[in-house]
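In: One predicted model, sequence on top.
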Amino acid sequence: MLLEALLQQDFLSPDERRDLQFKRLKATLKRVYEHVPFYRTRLEERQITPDTLTSLDELSTLPFTTRDDLLDHYPFGLLSVPREELLRIQASSGTKGRAKIIGYTRHDLSLWSEVSARSLLCMGIQPGDLLVNAYTYGLFTGGLGIHSGAELLGVTVVPTSTGNTRRQVTLLHDLQATALGCTPSYALVIGETMAAMGIEATSLRYGIFGAEPWTEAIRQQIESRLGLSGFDLYGLSEIIGPGVAVECPASRDEARRSGTRFLHVFEDHFYPEIISANGDALPPGQEGELVLTTLTREGMPLLRYRTGDICSLHTVPCACGRTLMRISQIKGRTDDMLILRGINVYPTEIERVLMSLPELSPYYYIVIERQQSLDSVTVEVELADPDASPDAHQQLQETIGTLLLNASGLHFSVQLHRYGTLPRSEGKTTHIIDKRERGK
């Protein structure tokens with residue numbers, strides 16, 4: 001009965017879903033209007049009340065919410081319930097500055113478990129599977145969100161969190177785990193450690209990967225090393241955590257053929273929009289910033305939250321039969337874009353070039369410095385062959401520079417390293433080392 005109830009929401013007719021979305025939007029608007037002074041002021045400035053909203057199309061008239069709004073009202077200024085009604089407080093990872101505090105009521109935790117369970121079902125994971133959950137447990141929402149969804153679904157969970165990679169590999173092997181959850185960069189480290197330990201095969205079938213942008217080339221590397229099917233899971237702490245959008249097997253197969261990845265959005269709970277840099281709505285298929293409105297959050301509902309994540313919306317039906325709208329894979333963040341000598345470049349564009357070369361390992365760093373008022377960029381990469389010497393690959397170094405120039409219009413210095421030289425990460429990987437920010 002639980003599986004049927006969870007799956008039913010993925011296959012609602014468009015009219016049924018829009019009716020449900022509008023009903024939930026009205027309830028959310030009433031909640032924030034009555035209980036969150038910040039929103040009441042913003043809405044009254046636009047002469048909007050819960051009663052003036054007459055259709056779902058009018059959602060675009062509501063005010064945006066930004067990261068700065070959360071920080072300006074830190075820690076509890078955006079709650080719509082008394083603090084005593086919260087059962088849990090989590091926070092963003094804080095990789096871009098001070099963490100954003102997020103409050104969850106009992107209802108919110110139940111909602112989070114539900115969308116996490118739906119995410120796992122969407123990938124193909126079933127009750128009775130065994131999940132090694134190597135996402136971080138703590139204030140970061142990755143570990144706990146997937147954990148609760150898996151338990152709701154009836155999946156056995158091994159809460160390893162990150163670190164002690166040899167033990168991770170031992171547990172994966174000895175417990176005959178069928179699923180692994182972690183960041184894509186840590187999955188590469190696990191695969192590398194598995195090879196070093198002489199373990200050639202496991203029972204793994206599913207990889208639950210998210211929390212950082214990753215390309216199809218990285219997916220192929222992970223799947224080759226671990227012998228599983230890797231799926232993209234998207235979420236952010238401000239909205240709920242992991243469980244906002246997810247890939248299904250049909251979408252994964254489509255991405256392997258076309259190179260374009262799509263994730264189903266659980267839009268009965270999180271209404272998606274795409275906007276331009278100046279806030280104008282963009283049509284399906286056009287790339288911009290993802291905006292999400294929570295339709296069922298109780299403790300801390302958010303209207304039109306500007307996520308900072310760059311992607312596009314797609315309404316083309318998926319072969320799996322789900323009627324949910326899809327987003328493309330996250331290309332990067334608005335604040336991740338590199339502006340170098342007047343040219344805009346996303347780190348994922350650099351990664352695609354590097355991972356197209358079989359001579360290179362999946363580990364790299366982009367180092368930015370300022371020399372004589374001009375930005376210089378160095379890409380540091382490793383050779384894939386443990387026995388290879390950088391000195392013998394002058395031609396490869398020149399090829400990398402040429403490919404990066406053709407892809408971006410920028411000149412990059414390239415430094416080749418021996419395999420195993422560059423640092424590995426057990427959590428989110430930051431590939432950018434911007435020495436300009438440190439005044440060096």
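Out: Sure, I can see it.
In: going forward, measure contacts between C-alpha atoms and count neighbours the same way
Out: Noted.
In: So what's the residue count around the closest residue to residue 134 other than its chain neighbours?
Out: Using CA to CA, 6 or more residues apart in numbering and skipping residues adjacent in sequence, the residue nearest residue 134 is residue 161, 4.1 Å away. Applying other CA atoms under 10 Å, we find 21 residues neighbouring residue 161.
In: is it true that residue 161 touches residue 131?
Out: No. Applying CA atoms under 8 Å as the test, residue 161 and residue 131 come out as separate, 11.6 Å apart.
In: Which of the three states applies to residue 171?
Out: helix (DSSP: H, G, I helix; E, B strand; the rest coil).
In: And it, how far from residue 177?
Out: 8 Å (CA to CA, to the nearest Å).
In: so what's in contact with the two at the same time?
Out: residue 132 (CA atoms under 8 Å, 6 or more residues apart in numbering).
In: Compare neighbour counts for the two and give me the winner.
Out: A count of neighbours by other CA under 10 Å puts residue 177 above the other of residue 171 and residue 177, at 21 against 15.
In: which residue sits closest to the more buried one in space, ignoring its chain neighbours?
Out: Residue 177 sits nearest to residue 130 (CA to CA, 6+ apart), 5.0 Å away.
In: ok, that neighbour - contacts?
Out: So residue 130 contacts 155, 156, 157, 158, 176, 177, 178, 179 (CA under 8 Å, 6+ apart).
In: Mind doing that once more with 6 Å?
Out: 155, 156, 177, 178 (CA atoms under 6 Å, 6 or more residues apart in numbering).
In: ok, what's across the strand from it?
Out: On DSSP bridges, the residues paired with residue 130 through beta bridges are residue 156.
In: What pLDDT does the model give it?
Out: pLDDT for residue 130: 98.
In: partners of the top strand by length along the chain, with directions?
Out: For the chain, the strand with the greatest residue count under DSSP state E is strand 360-371. If you go by DSSP bridges, strand 360-371 pairs up with strand 374-383 (antiparallel), strand 432-434 (parallel).
In: Which element is encountered next along the chain beyond the first one?
Out: It refers to strand 374-383. Per DSSP states H and E, the first helix or strand lying C-terminal to strand 374-383 is helix 394-408.
In: got the buried residues for that following helix?
Out: 396, 397, 400, 401, 403, 404 (16 or more other CA atoms under 10 Å).
In: Return the distance of the third one relative to residue 357.
Out: When CA to CA is applied, the distance between residue 400 and residue 357 equals 8 Å.
In: ok, now the last one?
Out: With distances taken as CA to CA, residue 404 is found 12 Å from residue 357.
In: Check residue 380 too.
Out: Residue 380 is 14 Å from residue 357, by CA to CA.
In: Including pLDDT and distance to residue 413, could the contacts of residue 130 go into TSV?
Out: Formatted as TSV, those follow (pLDDT from 0 to 100; distance: CA to CA, whole Å):
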residue	pLDDT	distance to residue 413
155	98	48
156	98	48
177	98	42
178	98	42
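In: of those residues, buried ones?
Out: 155, 156, 177, 178.
In: In TSV, list these along with distance to residue 53.
Out: Formatted as TSV, these follow (distance: CA to CA, whole Å):
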residue	distance to residue 53
155	42
156	44
177	49
178	47
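In: ok, so of those, who is nearest residue 290?
Out: Lowest distance from residue 290 to the buried ones among the contacts of residue 130 (CA to CA) belongs to residue 155, with 31.2 Å.
In: who touches that closest one in this structure?
Out: 127, 128, 129, 130.
In: which of these has the most neighbours?
Out: For those, neighbours tallied by other CA under 10 Å; top is residue 130, 23 neighbours.
In: Just give me the longest helix of the protein.
Out: helix 14-35 (DSSP state H).
In: So what's the model's average confidence on stretch 389-396?
Out: 85.
In: how distant is it from the center of its chain?
Out: Stretch 389-396 sits 35 Å away from the centroid of its parent chain (CA atoms, centre = their mean, to the nearest Å).
In: then it to PDB, C-alphas only?
Out: Extracted C-alpha coordinates of stretch 389-396, given in PDB (Å, rounded to 0.1, in the frame of the first residue of the first chain):
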ATOM      1  CA  SER A 389      55.600  10.300 -16.100                       C
ATOM      2  CA  PRO A 390      54.400  13.800 -16.900                       C
ATOM      3  CA  ASP A 391      57.700  14.500 -18.600                       C
ATOM      4  CA  ALA A 392      56.900  12.100 -21.400                       C
ATOM      5  CA  HIS A 393      53.500  13.700 -22.200                       C
ATOM      6  CA  GLN A 394      54.400  17.100 -23.700                       C
ATOM      7  CA  GLN A 395      52.000  16.500 -26.600                       C
ATOM      8  CA  LEU A 396      49.100  15.700 -24.300                       C
END
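In: That concludes my questions; thank you for your assistance.
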